[in-house]
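Undergrad: sequence first, then the predicted structure, then my questions.
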Amino acid sequence: MAPPTLAQKDKKLFADLLSQYENRQLTKGRKTADQILKKYPEHGETMCMKGLILVHLGQRDEGINLVKEGMRKDLSSHICWHVWALIQKSEHKYEDALKSYIQALKFDKDNFNILRDTAVLQTQTRQFEGLVETRHNLLRLRPYNRNHWVGLAVAYQLNGNLAEAKQVLEYVEGFLRNVGSYDVEFSELLMYHIRILEDMGDFQSAVDMLESHDRAKGGSVLDRMAGTEMKARLLAKLKESNADDEQKTAWTERADAAWRWLLSQNADGYEYYKGFLANQGIDLANVTDENREKALEMLRGYFNVQFATAPYRLALHVATGQEFKDLIKPYLTNALTKGIPSLFADLKPLYRDPAKRQVIEDTVEEFRATLATSSPPTSGSVEPTTYLWALYLLAQHHSYLGRHKQALEILDVAITHTPTLPELYMTRARALKRAGDPHGAARAMNDARLLDGQDRFINTKTGKYLLRAGMVTEADAIFSKFTRVSGGAPAAADLEEMQAMHYLVEQGDAYRRAGKLNLALKKYYVIQKVFESFREDQYEFHQYSVRKTILNVYTEMLKWEDNVRSHPGFIHAAVATVQVTINKAKKAARKGQPEADGANTKKGESKRRSITFALSSLRSRILSAATATQSEDRGLEPPRSRDDDPEGLKLVLAEDPLERADKYLTGLSELVPQNMDICFAIYDVAIRRKKYLQAVRMLTRAHSLDSEHPDLHWRVVHLRNTVSSLPEPILAPVGPVLAESIASLLPAEVSLELFNSQYLQKHSSSPMAIVAHAKAAQILKAPQDEVDSILFVVLKEPVQLDHKAAFAVLSYLQEMKSPRADEFRIACNDRFELSTLFRSGEEIAALQRSFSESGESAADGEALETVT
């Protein structure tokens, strides 16, 4: 049925409705829509507009239903599709919104507003080929607007058509000749043009353009620092091209002048020194004996620059032998005299060279011995605190090298000398943490906090260490000192809103270690939402950056957004989510339940009913809070939904945990192809989803990265054992490909038992290899006492066991519910004297209780319901 046609008078009324919506006269607009619908109740466009107004007025469900009904009445109206696209966009359904916009353009191809929004959504969803066409249409409609020319150039660049982008920019610059002497946007446009030339490989044209617009010569490029950096970089690339020696000499001289000017502006710019040396053929990362002296000579030329420390520090990197000794002593003397707390962080990269590491240790020990014999110092040239900072540096040095007892002894001397320096207690906390004592580390960090309660960094560190010690409530009490919450409320909500990644990761891990899997999963999925918000936040910049001509930064931001999920925090949360999901599936399998969850059992149903009751009561408490008054226009954005699962109970009892975990991992194998943990996490999910080709592909990639990795070994055994145990063979074309891939990891003629024993023989001194051997043996149905005996080998010589590996063994024994787990714990407790990881549950609870009862941290709160 064709939609009704409005009379001329009613068309004017509908135009008034559109105007009233644009001016946000929502109440008037609603009355106007009702007036039209009273006469034309089947008019789809009016129904959609009224629905849109209702959404703005806060009646979201009613409004969306009305929009859907209006669309059914008139599917050929661009207004209906536009309204629906606006609602989808407000819900961040960008792909669906783009489809609606494209549908609207079929009925009104020259609608400027729809084209503009379509271009933004095509950029957001990275559909660059369609973006070029849309930008062309915008330019055709408004050819005299510079922004549309710039937008077309950006679209060409994003789509990889650099020659077309260059052509558009040349045309734009042609009709912008009469710009002012200080036009920032034109300057940015020129820099963007030069960047396009660089990406095209036309370095000579880029240099020529940069020099012709040089600000020092009256040109339009206003950012002289950025321009000179680009010039030096372009000249370096020109030198690498095929050119005669005379040209290379000229380019070297010009680049040398550029780097020297940059160093005159910032003599502490490390990247400038790298470029300055690279211009003379010296790679600072790989200095050879042939060019070492020349590099030192170039760096010495900047030793006399006032306040510049970079040339001294880089000279330490370059120098060796006696020359290094001659340079390190004055460098350390100056830093220790000034009392620079970050000195060890500055020197740490030098520790890659064992000879330099020993020289640093000997030099500082010499300072310590000299200053200790004359305390307080009698020489007027030596500061009284130099001895203290020498002790501080030595403690960090020994702690970093794993000499924890020595580090703690030195720190005791330093604290006796000056008990009011927070850095000493912080270093003590770090040393205890490395020694395997998270509870002592938390107490030491709290001691540092009590010396400077206003320091946010120390407070944050204290909270982090408390989380690692399993004291979540005490950590929240610390974090709440710097959040907006009040009245003793937990800081979690505010920290989640602030997207405090370190907090979310550490708290998720703390809950996981405590066995509170529901709360751990909740935090890990919050991290996923944080990164989803990063994607959504870029939306507003697509139009703004083109309008303001912030193009180089904008294109870099798009690249960053495309790779943001490679952030270590996201990777950690994704892997941890998979591990929690798999461990819960294993526990369910051992109890004789289906791997997904126990929802289909009576016990599962009972648990669900109790959880539903708990959630409903919690929701009622939340909804009882008073709501703030709002204006008439509540916007298109859906109201912020209240968290109906604050304790993560729904997550841990979800019917599709593997599907959720797989969604979390989507795309990570391409973003971080060198990450072994991601390979293993994808395998663990794929093999349980019966995606065997995906599973073997991940193990093949892991094998190419590290063929001897312990976690790879037992997974190869698991894969072949799983495939060979299938009730029916996998048919072609998957079956033969799978068999061939497995054979590339483990030849078919080699038995799993032989493969497992050969691996142990090859890595008999590695504790994690022994764990991998034990896991493989368990997969092959070895008796429990045999698996236990394998694991106990780590306590014997020549196995190089540290507390981390020992704790991994203990965790595995406890996971298997081995009767010898406590025996192993006691043996490790005796062996690692400084560690508290191997204390009994009662002893650990006493350590946590002693911290809370000491009155050093306010920490009272309700116990959270957990599911293990």
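TA: Alright, I've got the coordinates.

Undergrad: state the distance from the residue positioned nearest the centre of the chain to Gly508.
TA: Centroid-nearest residue in the chain, with CA atoms, centre = their mean: His567, separated by 2.4 Å. Counting by CB to CB, to the nearest Å, the gap from His567 to Gly508 is 15 Å. (Glycine included, C-beta is placed from N, CA and C.)

Undergrad: which of the helices and strands in the chain ranks last by mean pLDDT?
TA: Confidence across the helices and strands of the chain bottoms out at helix 602-623, with a mean of 46, counting by mean pLDDT, DSSP states H and E.

Undergrad: for Arg839, phi and psi?
TA: In terms of degrees, to the nearest 10, the main-chain angles of Arg839 are phi -70, psi 160.

Undergrad: which non-adjacent residue is nearest it?
TA: The shortest distance from Arg839 to any non-neighbouring residue, by CB to CB, 6 or more residues apart in numbering, is to Asn829 (6.5 Å).

Undergrad: would you agree Pro438 is in contact with Ser835?
TA: No. Pro438 is beyond contact range of Ser835, at 9.1 Å (criterion: CB atoms under 8 Å).

Undergrad: give me the neighbour count for Asp633.
TA: Residues lying near Asp633 (other CB atoms under 10 Å) number 13.

Undergrad: try the one 5 residues further on
TA: Residue crowding around Pro638 was assessed by other CB under 10 Å; the count is 14.

Undergrad: residues in contact with stretch 132-148?
TA: 109-110, 112, 115-116, 118-119, 122, 149, 151-152, 155-156, 159, 161, 172, 176, 546-547 (CB atoms under 8 Å, 6 or more residues apart in numbering).

Undergrad: show me which of those residues are buried.
TA: By neighbour count, with 16 or more other CB atoms under 10 Å, the contacts of stretch 132-148 hold 115-116, 118-119, 122, 149, 151-152, 155-156, 159, 161, 172, 176, 546 as buried.

Undergrad: quick check: Pro349 vs Lys356, distance?
TA: Pro349 is 10 Å from Lys356, by CB to CB.

Undergrad: those two - which one has more neighbours?
TA: Lys356 (21 against 12).

Undergrad: ok, for Ser533, nearest residue in space, not its chain neighbours?
TA: Once flanking residues are discounted, Ser533 sits nearest to Gln499: 7.4 Å by CB to CB, 6+ apart.

Undergrad: what sits closest to Leu197 if chain neighbours are left out?
TA: Ala206 is the one closest to Leu197 (CB to CB, 6+ apart), at 3.9 Å.

Undergrad: and for the residue lying closest to Val672 once chain neighbours are set aside, the neighbour number?
TA: Nearest residue to Val672, sequence neighbours excluded (CB to CB, 6+ apart): Ser566, at 5.0 Å. The tally of other residues near Ser566 (other CB under 10 Å) stands at 15.

Undergrad: I figured Ser566 was touching Leu671, is that so?
TA: Yes. Using CB under 8 Å, Ser566 makes contact with Leu671 at a distance of 4.5 Å.

Undergrad: what's the first helix or strand after the one helix or strand Ala441 maps to?
TA: If you go by DSSP states H and E, Ala441 is part of helix 438-451. Using DSSP H and E, the next helix or strand after helix 438-451 towards the C-terminus is helix 456-468.

Undergrad: report pLDDT for Phe276.
TA: What the model reports for Phe276 is a pLDDT of 95.
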